[in-house]
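Novice: any chance you can model this:
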Amino acid sequence: MFTGLIEATGVVEAFDALDESARRLRIASRLGAELAPGDSIAVSGICLTVMANDASGFETVVSPETLRVTTLRTMTVGRTVNLERPLRADARLGGHFVLGHVDAIGTVLRAEPDGECHWLDVEVPAVLSPLVIPKGSIAIDGISLTVAALAGLRVGVQIVPFTFDHTSLREARAGDPVNLEGDVLGKYVARQLQHEHSAR
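Specialist: Purely as a prediction, here's the structure:
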């Protein structure tokens, strides 16, 4: 489990085919020295398992299913990614509960300055719409953000300077795909309501 508070960014150094379907992902990051094989790490909101590490970075294997349902399918060498290690039981929960299980891929509609801050509009797929509420939480590329505006499938979030400077959002452009994860608490509520409706 993660919080959506990004610890560091990394840069994709390699993204090679292991076989006909899986890929090897190598990321350059200072976190490499603090990881170990078997550790979980969220890479732009995607929970992956560390396969190897050294002082300059780490490697993971990306499964066919993960490639199918996340933005990793369009990943390229040189891209910046957001990194977060799992939440420790004795740590403060500063963001919201993020599982690292991407629900859908959204599209950046607008990314522009707004005074000292930045504004980001993202189009979310209809399947995710029931989980997005005004002032609720959403994870965009693994970053815990508050929904500041909601109009149909268009979600607007305000990016404060620290988040902009320390995450991949500083490179976001209109048309970019982003990983989206709805609030897990909202998922349970939606599932319960669906179950009650079908039982009638």
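
Novice: so where do the helices sit in the chain?
Specialist: 64-69, 161-166, 184-199 (DSSP state H).

Novice: now the ones you listed in JSON lines, with mean neighbour count and mean pLDDT?
Specialist: (Each C-beta comes from the backbone N, C-alpha and C, glycine too.) Shown next, in JSON lines, are the helices of the chain (neighbours: other C-beta atoms under 10 Å; pLDDT from 0 to 100):
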{"stretch": "helix 64-69", "mean neighbour count": "14", "mean pLDDT": "95"}
{"stretch": "helix 161-166", "mean neighbour count": "14", "mean pLDDT": "96"}
{"stretch": "helix 184-199", "mean neighbour count": "11", "mean pLDDT": "73"}
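
Novice: between the ones you listed, which one is nearest to Leu99?
Specialist: helix 184-199 (5.9 Å; C-beta to C-beta).

Novice: got the helices of the chain as CSV, with distance to Leu150 columns?
Specialist: Converted to CSV, these look like this (distance: least, C-beta to C-beta, whole Å):
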stretch, distance to Leu150
helix 64-69, 24
helix 161-166, 20
helix 184-199, 13
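
Novice: indicate which one of the ones you listed is closest to Ser29.
Specialist: Closest among these, using C-beta to C-beta: helix 161-166, at 13.1 Å.

Novice: re earlier: and Val11, which of the helices of the chain is closest to it?
Specialist: Counting by C-beta to C-beta, and looking across all of the helices of the chain, nearest comes helix 161-166 at 14.2 Å.
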